[in-house]
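Undergrad: Using only what follows, build the 3D model:
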Amino acid sequence: MMVAFLLIVLVAVALGIVGVAAHGLGFLLAVGVVLFIADVVFITVRGARGDHRRPIR
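TA: Take a look at the predicted model:
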């Protein structure tokens with residue numbers, strides 16, 4: 001799960017850099033920011049719910 005999180009963060013950063021560097025592609029910056037925020041929220045919610053595991057018998 002952590003690999004997917006880091007991969008999505010990397011994609012979001014790459015989209016942000018391309019959006020800033022390329023003239024007229026500012027929407028890629030917005031997509032990268034939204035993707036990053038959604039990923040952080042997803043991992044936070046999943047981490048909060050994942051702590052309630054049943055003990056092994």
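Undergrad: Can you tell me what sits against the longest helix along the chain?
TA: In the chain, taking DSSP state H as the definition, the longest helix is helix 26-49. Residues outside helix 26-49 that contact it (CB atoms under 8 Å, 6 or more residues apart in numbering): 1, 5, 8-9, 11-16, 18-20, 22. (C-beta placed from N, C-alpha, C; glycine too.)
Undergrad: Now do that helix, average pLDDT.
TA: On average, the pLDDT along helix 26-49 is 84.
Undergrad: again, but for stretch 4-18
TA: 87.
Undergrad: for that stretch, which positions count as buried?
TA: Buried residues in stretch 4-18, counted by 16 or more other CB atoms under 10 Å: 8-9, 12, 15-16.
Undergrad: any idea how far the residue nearest to the spatial centre of the chain is from Val3?
TA: Here the mean C-alpha position of the chain is nearest to the C-alpha of Asp39 (CA atoms, centre = their mean), at a distance of 3.0 Å. According to CB to CB, to the nearest Å, Asp39 and Val3 sit 13 Å apart.
Undergrad: now swap in Ile56 and tell me
TA: Ile56 sits at a distance of 25 Å from Val3 (criterion: CB to CB).
Undergrad: between these two, which one's more packed in?
TA: Counting neighbours by other CB atoms under 10 Å for Ile56 and for Val3 shows that Val3 has the greater number, 7 against 4.
Undergrad: Helix or strand: which one has the more buried one?
TA: Using DSSP states H and E, Val3 maps to helix 2-21.
Undergrad: what packs against that helix?
TA: Under the contact criterion of 3 or more CB pairs under 8 Å, 6 or more residues apart in numbering; DSSP states H and E, helix 2-21 touches helix 26-49.
Undergrad: Just the buried positions in the helix it packs on, please.
TA: For helix 26-49, burial by neighbour count (16+ other CB under 10 Å) applies to 28-29, 31-32, 35-36, 39, 43.
Undergrad: Okay, angle between that helix and helix 2-21 too, please.
TA: 160 degrees (axes from the mean of the first three to the mean of the last three CA atoms, to 10 degrees).
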